[in-house]
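Chemist: dropping a prediction and its sequence here:
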2 protein chains.
Amino acid sequence: MNKRKKAVVDHAISLFVEQGIANTSIQDILERASISKGTFYNYFSSKNDCVEAILEQARYDATLMRSGQMLGKDAKDRDVLVEQITVLLLINQSRGLDMIYEEILHSGDKELKKLVLKSRVLELQWLGQRFIEVFGEEIRSHSFEAAVIYYGILQHLTFTGRLMNQQDFKFEIVIKNALRYIEKIVEMLMHEQTSVLNTDDLHKFISSFVAIELTRKEVVEQLEQFKKSNDFTKNQQEIMEAVTQELEQQPIRNIVLESLLRTMTNEFSDSEMIQVVKELTSGLWYLMKQQKL
Amino acid sequence: MNKRKKAVVDHAISLFVEQGIANTSIQDILERASISKGTFYNYFSSKNDCVEAILEQARYDATLMRSGQMLGKDAKDRDVLVEQITVLLLINQSRGLDMIYEEILHSGDKELKKLVLKSRVLELQWLGQRFIEVFGEEIRSHSFEAAVIYYGILQHLTFTGRLMNQQDFKFEIVIKNALRYIEKIVEMLMHEQTSVLNTDDLHKFISSFVAIELTRKEVVEQLEQFKKSNDFTKNQQEIMEAVTQELEQQPIRNIVLESLLRTMTNEFSDSEMIQVVKELTSGLWYLMKQQKL
DNA sequence: AAGATTTTATACCAGCAGTCCAATTTTGTC
DNA sequence: GACAAAATTGGACTGCTGGTATAAAATCTT
């Protein structure tokens, strides 16, 4: 993204945080960013487009940060999980993004809503996955519901804390406490089988956000398609080749595939294909974690 | 309220539920309600005023319903609590009010936000109070935090359930499950003293929503009213007298008043007046902390 | 220096909330 | 039923919004 464009985005964020998205007019943005209307509409096709750029940027930063964070650490370690959640909440809060998310999520705009919803579902899924890693494979069938409950506790407590403009409000404590609560709740969920979210609906739901309809074969085909084009760097070609190879193995070595996917995402991060690549990898990731590869 | 005005409110609600508040123009309301612009602005001074009327109406209905519900029932009975929460959620959902609440709460409009916030805080306080009745006096200091957590769980689960447009989503089950979760959580809260919400801030916060409009004079008058009744114990009469005296001093010695208020709340804790007394004391507490006495 | 691109500044459109007001209809009262 | 008071209508008007269009100026490329 252009340097100046990025500056506009930053100014827009600060305005949105200060007075909400709906209450911020484009005129406001123009004045704060010291640009003309023409320039704004040269960068963004609409106000929504500007918000989308913000969300995009945030999601990009978050995934980048999180993937770097786990490297070489124990997936079973609760403290690592706490740290991961903390970091995410902190960067969201420091930028005021969580309030923006909430506003969009409860506003009328369907396009933006879908975007935020998508990242939230992915977030919940990620958390559910991490719960499985930390609490054990046996909670798998309740992991998503646990994640939903966990976020509920977290969000309401922080929201109320912020409302009370409590100075000594410490994220880390809430995160840790809630984690211990959720541990007990998961126990009860398993012991008494009292799920609320129907698992069938759940899979349908998640799939509608993640490209679950992908099968291994389809991914391979798509990668073959890609490779025909010549617009790729050597690195990009090689990593695609490696992924294809791994996908054609039986059984697939998850650890290897995981590593390759991470690298592939990195390798394409500056490319225009990044969106497509991300959908592919997240689809594969989902299949892998669901053991459906 | 006028019959016709009520019809307008109902039409407005249906539109707000269908397409959100922000996305509903006054023109839309005029057309659906088959009235002219002049009439609308004869009823309401603004669009916000119309929304406020809706909220007012809802709050009125809710309190009416809830007060009738408890008559002659055991305050300690968990099933009664479940029933109370269920009824409230059901009427809110059936009218689509909860979505309206959420939209307002996460929108930019400060006036409406304050209104919704107020009813939500009162709601939380009520729930906390009921938790004390059901789970026992010893959880008092954690009751509000428990209420916050409870609502968090409830809201997130129902939100996600609705998102998945799950047909077999049963409120009652969520409410019951969450109640058992909260039981465990309260246990942990008490056992390990890991509150997140600072109690001092909490009192300030709640007080800012309850009985702000109280002035010192009004409190004194109300206490005088009380003292005319003979239904009080000697202790209760004496503490009321002491509070009155202190309030008539200039300047008021905060430390003394604080102490007296605490004692008064204690002394009335078993009385039916406890709610009124609490409103009085929290109002005073707020004034005191705001140095407006 | 010439040409391409970006930026600016402004005028313009339609839709919005809200005001104002004269004309009309409904309603209450005798 | 007559008549005054009150409620309702509907349109003109203001000022703001998001968004379009465009000619002139500034900046970048080569």
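Modeler: Now that the structure is in, tell me what you want to look at. Just so it is clear, the model here is predicted, and its values are computed rather than measured.
Chemist: make it CA atoms for all contacts and neighbour counts henceforth
Modeler: OK.
Chemist: relative to DNA strand C, how far out is the residue in the stretch 1-150 of chain A positioned nearest to DNA strand D?
Modeler: Nearest to DNA strand D, among the residues of the stretch 1-150 of chain A, is A:S25, at 3.2 Å (CA to the nearest atom of the strand). Separation of A:S25 from DNA strand C (CA to the nearest atom of the strand, to the nearest Å) stands at 11 Å.
Chemist: ok, residues contacting the helix or strand encompassing A:I91?
Modeler: Element membership of A:I91, judged by DSSP states H and E, is helix A:78-94. Outside helix A:78-94, the residues that touch it by CA atoms under 8 Å, 6 or more residues apart in numbering or on different chains are A:62, A:66, A:69-70, A:73-75, A:98, A:130, A:134, A:171-172, A:175-176.
Chemist: repeat that with 7 Å
Modeler: Helix A:78-94 is contacted by residues A:62, A:66, A:98, A:134, A:171-172, A:175-176 when judged by CA atoms under 7 Å, 6 or more residues apart in numbering or on different chains.
Chemist: just the pLDDT for the residue of the stretch 1-150 of chain A closest to DNA strand D.
Modeler: We have a pLDDT of 96 for A:S25.
Chemist: just give me the neighbour total for it.
Modeler: Close neighbours of A:S25, defined as other CA atoms under 10 Å in any protein chain shown, add up to 13.
Chemist: check whether the strand or helix carrying A:A58 comes near DNA strand D.
Modeler: A:A58 belongs to helix A:47-70 when assigned by DSSP H and E. Yes - among the residues of helix A:47-70, A:47-48 lie within reach of DNA strand D under CA under 7 Å from any atom of the strand.
Chemist: next one: that helix to chain centre, how far?
Modeler: Its chain's C-alpha centre and that of helix A:47-70 lie 8 Å apart, by CA atoms, centre = their mean, to the nearest Å.
Chemist: helix A:78-94 and that one, what's the angle between them?
Modeler: Orientation check (axes from the mean of the first three to the mean of the last three CA atoms, to 10 degrees): helix A:47-70 against helix A:78-94 gives 150 degrees.
Chemist: now do the buried residues in helix A:47-70.
Modeler: Buried residues in helix A:47-70, defined by neighbour count with 16 or more other CA atoms under 10 Å in any protein chain shown: A:47, A:50-55, A:58, A:62.
Chemist: from the chain's centre, how far out does the lowest-mean-pLDDT helix or strand in chain A sit?
Modeler: Lowest by mean pLDDT, DSSP states H and E among the helices and strands of chain A is helix A:274-289, with a mean of 72. Taking CA atoms, centre = their mean, one finds helix A:274-289 lying 12 Å from the centre of the chain it belongs to.
Chemist: what's the answer for stretch A:41-54, then?
Modeler: That offset, for stretch A:41-54, works out to 21 Å (CA atoms, centre = their mean).
Chemist: and DNA strand C, is that stretch touching that?
Modeler: Yes - among the residues of stretch A:41-54, A:42-43 lie within reach of DNA strand C under CA under 7 Å from any atom of the strand.
Chemist: CA atoms only for the helix or strand hosting A:R180, dumped as PDB, please.
Modeler: Here A:R180 sits within helix A:171-192, counting by DSSP H and E. What follows is helix A:171-192, C-alpha atoms only, in PDB (Å, rounded to 0.1, in the frame of the first residue of the first chain):
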ATOM      1  CA  PHE A 171      -6.000  -8.000  30.400                       C
ATOM      2  CA  GLU A 172      -3.800 -10.700  31.400                       C
ATOM      3  CA  ILE A 173      -5.700 -11.400  34.600                       C
ATOM      4  CA  VAL A 174      -9.000 -11.600  32.800                       C
ATOM      5  CA  ILE A 175      -7.500 -13.900  30.200                       C
ATOM      6  CA  LYS A 176      -6.000 -16.200  32.800                       C
ATOM      7  CA  ASN A 177      -9.200 -16.300  34.900                       C
ATOM      8  CA  ALA A 178     -11.400 -16.900  32.000                       C
ATOM      9  CA  LEU A 179      -9.100 -19.700  31.000                       C
ATOM     10  CA  ARG A 180      -9.600 -21.400  34.300                       C
ATOM     11  CA  TYR A 181     -13.300 -20.900  34.100                       C
ATOM     12  CA  ILE A 182     -13.400 -22.400  30.700                       C
ATOM     13  CA  GLU A 183     -11.500 -25.400  31.900                       C
ATOM     14  CA  LYS A 184     -14.200 -26.100  34.400                       C
ATOM     15  CA  ILE A 185     -16.900 -25.500  31.800                       C
ATOM     16  CA  VAL A 186     -15.300 -27.800  29.300                       C
ATOM     17  CA  GLU A 187     -15.200 -30.400  32.000                       C
ATOM     18  CA  MET A 188     -18.900 -30.000  32.600                       C
ATOM     19  CA  LEU A 189     -19.600 -29.900  28.900                       C
ATOM     20  CA  MET A 190     -17.900 -33.300  28.400                       C
ATOM     21  CA  HIS A 191     -19.200 -34.900  31.600                       C
ATOM     22  CA  GLU A 192     -22.800 -33.900  31.000                       C
END
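Chemist: what is the orientation angle of that helix with helix B:171-192?
Modeler: Using the same axes, to 10 degrees: helix A:171-192 against helix B:171-192 is 120 degrees.
Chemist: return the set of buried residues in helix A:171-192.
Modeler: Buried residues in helix A:171-192, counted by 16+ other CA under 10 Å: A:171-172, A:174-179, A:181-186, A:188-190.
Chemist: please report how far the closest residue to A:T194 other than its chain neighbours lies from B:M188.
Modeler: Excluding the flanking residues, the one nearest A:T194 by CA to CA, 6 or more residues apart in numbering or on different chains is B:N177, at 7.3 Å. As judged by CA to CA, to the nearest Å, B:N177 and B:M188 stand 17 Å apart.
Chemist: do the same with A:E111
Modeler: 42 Å.
Chemist: then A:T158?
Modeler: A:T158 sits 19 Å away from B:M188, going by CA to CA.
Chemist: ok, A:I182 next?
Modeler: Counting by CA to CA, the gap from A:I182 to B:M188 is 12 Å.
Chemist: repeat for A:C50
Modeler: According to CA to CA, A:C50 and B:M188 sit 45 Å apart.
Chemist: what of A:N42?
Modeler: Taking CA to CA, one finds A:N42 at 56 Å from B:M188.
Chemist: could you do A:R253 as well?
Modeler: Per CA to CA, A:R253 is found 41 Å from B:M188.
Chemist: again with A:N235
Modeler: Computed as CA to CA, the A:N235 to B:M188 distance reads 53 Å.
Chemist: next: A:S46.
Modeler: 50 Å.
Chemist: A:Y101 now?
Modeler: Using CA to CA, we find A:Y101 at a distance of 31 Å from B:M188.
Chemist: same deal with A:F171?
Modeler: Distance, A:F171 to B:M188, by CA to CA: 19 Å.
Chemist: likewise A:Y41?
Modeler: A:Y41 sits at a distance of 54 Å from B:M188 (criterion: CA to CA).
Chemist: what does A:K217 give?
Modeler: Relative to B:M188, and taking CA to CA, A:K217 is found at 49 Å.
Chemist: again with A:R140
Modeler: Taking CA to CA, one finds A:R140 at 25 Å from B:M188.
Chemist: next: A:D200.
Modeler: 33 Å.
Chemist: ditto for A:L260
Modeler: The spacing between A:L260 and B:M188, counted by CA to CA, is 43 Å.
Chemist: what packs against the host helix or strand of A:I239?
Modeler: Element membership for A:I239 (DSSP H and E) is helix A:234-248. When contacts are defined as 3 or more CA pairs under 7 Å, 6 or more residues apart in numbering or on different chains; DSSP states H and E, helix A:234-248 sits against helix A:216-228, helix A:254-267.
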